[in-house]
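**Q** just to be clear, the model below is a prediction. Sequence and coordinates:
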Amino acid sequence: MTLPLQFLRQETLENEREFHNRWAAAIDADSICVRDYFEACTAPENRFILQQLGDVRGKYLLDLGCGAGENSVYFALKGAHCIATDYAPGMVEVARQLAEKNGVQIEAKTANAMALDFPDNTFDIVYAANLLHHLPDPQMALREMHRVLKPGGKACFWDPLKHNPVINVYRRIATEVRTEDEMPLDIRIVQEARSQFSEIRYDTFWLASLWIFLKFYLVERVNPNEERYWKKIIIEQMRLKPNYERLEKLDRILKKIPGLKRMCWNVAVVGTK
């Protein structure tokens, strides 16, 4: 018997909530360096987004899928008024702790990114990091992001893509640090965003630079089920910087070759309403 779509969507959300609540219980907010998640050399997605946003002082910002709160706290440090939301209550609590540790105030609450409890035209910025690929209907979340934005407001998201065979091998190995339901995005998500927003800017990241992941596994023997590689690249950014910056230059060249841009690990998109 085929289960109703709504039931499957809810089951996916509950699985995600349970997984991220367990993860939240293991997070030490005191160990998080917020600025690194936006300013490190190994955070090209957020560096790209910051270039598109400019000054965020005084902006009303909604952080969807806030996780440990690095995003909301960073933008609050830059002068934005932030609401941090996540479907996992455990993550919402970690975000509150991180804000307190960094001496900023944010509002933090649970929310479903596909059915937001906010009026139309509320926010200047809607930001979502590594969220859409956890949702059963990313397009529904894009529509909600558009709905709650003020005219002229900006929606920003970045997520992994599904096309690169190297990162797909990693995904098959790193089963303990990923959920069963998450689905990396097709590059066509850019076209989906174009259908919602009046202007789109996007880029993709990590192609040759994925050698760093291979080195973690093949040379340094880092167990991908014990350390999250996508966290390790931020935490150890100073050690990785010389190698990463050389590889990033190569990535810029390779992405000019037709068809290779889609082979990157991550995509970042900024849309204007």
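**A** Happy to help now that I have it.

**Q** tell me how many other residues surround residue 149.
**A** Neighbour count of residue 149, defined by other CB atoms under 10 Å: 24. No exception for glycine: its C-beta is placed from N, CA and C like everyone else's.

**Q** mind listing what it touches?
**A** Contacts for residue 149 (CB atoms under 8 Å, 6 or more residues apart in numbering) come out as 121, 122, 123, 124, 125, 126, 155, 273.

**Q** the fourth one reaches residue 61, doesn't it?
**A** Looking back up the chat, that one is residue 124. Yes. Proximity of residue 124 to residue 61 meets the contact threshold set by CB atoms under 8 Å, at 6.6 Å.

**Q** more neighbours, those two?
**A** A count of neighbours by other CB under 10 Å puts residue 61 above the other of residue 124 and residue 61, at 25 against 18.

**Q** checking the more buried one next. Helix, strand or coil?
**A** strand (DSSP: H, G, I helix; E, B strand; the rest coil).

**Q** give the buried residues for the strand ranked longest in the chain.
**A** Secondary structure of the chain per DSSP state E: the longest strand is strand 149-160. Of all the residues in strand 149-160, those buried under the rule 16 or more other CB atoms under 10 Å are 149, 153, 154, 155, 156, 157, 158, 159, 160.

**Q** widest-spaced pair of these?
**A** 153 and 160 (25.1 Å; CB to CB).

**Q** and residue 72, how far is that from residue 17?
**A** 19 Å (CB to CB, to the nearest Å).

**Q** who has more neighbours, those two?
**A** For residue 72 and residue 17, the more surrounded residue by other CB under 10 Å is residue 72, and the numbers stand at 29 against 18.

**Q** distance check, that one against residue 156.
**A** For residue 72, the distance to residue 156 - CB to CB - is 13 Å.

**Q** now do the helix or strand hosting residue 194 against strand 149-160, angle only.
**A** Residue 194 belongs to helix 189-196 when assigned by DSSP states H and E. Computed with axes from the mean of the first three to the mean of the last three CA atoms, to 10 degrees, the direction of helix 189-196 lies at 170 degrees from that of strand 149-160.

**Q** tell me the mean pLDDT for helix 189-196?
**A** Averaging the model's pLDDT scores along helix 189-196 yields 95.

**Q** neighbours around residue 230, how many?
**A** The burial count for residue 230: 17, using other CB under 10 Å.

**Q** and residue 242, by the same measure?
**A** 10.

**Q** flag the shaky bits of this structure, pLDDT-wise.
**A** 1-9 (pLDDT under 70).

**Q** give the buried residues for the longest helix seen in it.
**A** Secondary structure of the chain per DSSP state H: the longest helix is helix 5-25. Buried positions in helix 5-25, judged by neighbour count with 16+ other CB under 10 Å: 9, 12, 13, 16, 17, 19, 20, 21, 23, 24.

**Q** got a markdown table for those, with distance to residue 110 too?
**A** Formatted as a markdown table, these follow (distance: CB to CB, whole Å):
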| residue | distance to residue 110 |
| --- | --- |
| 9 | 17 |
| 12 | 16 |
| 13 | 11 |
| 16 | 12 |
| 17 | 9 |
| 19 | 15 |
| 20 | 11 |
| 21 | 11 |
| 23 | 15 |
| 24 | 12 |
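
**Q** now do the helices in the chain.
**A** 5-25, 36-39, 44-53, 70-77, 89-101, 138-148, 165-173, 189-196, 211-218, 229-235, 237-254.

**Q** grab the nearest non-local neighbour of residue 144.
**A** residue 116 (4.8 Å; CB to CB, 6 or more residues apart in numbering).

**Q** next one: that neighbour from residue 58, what distance?
**A** Taking CB to CB as the measure, residue 116 falls 22 Å from residue 58.

**Q** neighbour count winner among these two?
**A** Ranked by neighbour count (other CB under 10 Å), residue 116 and residue 58 place residue 116 first, with 19 against 9.

**Q** residue contacts, that one?
**A** 62, 144, 147, 148.

**Q** tell me which two in the residues you listed are the farthest apart.
**A** Checking the contacts of residue 116 with CB to CB, the most distant pair is 62 and 147, at 11.3 Å.

**Q** thought residue 162 was touching residue 168?
**A** Yes. Contact status for residue 162 versus residue 168: in contact at 7.3 Å, counting by CB under 8 Å.
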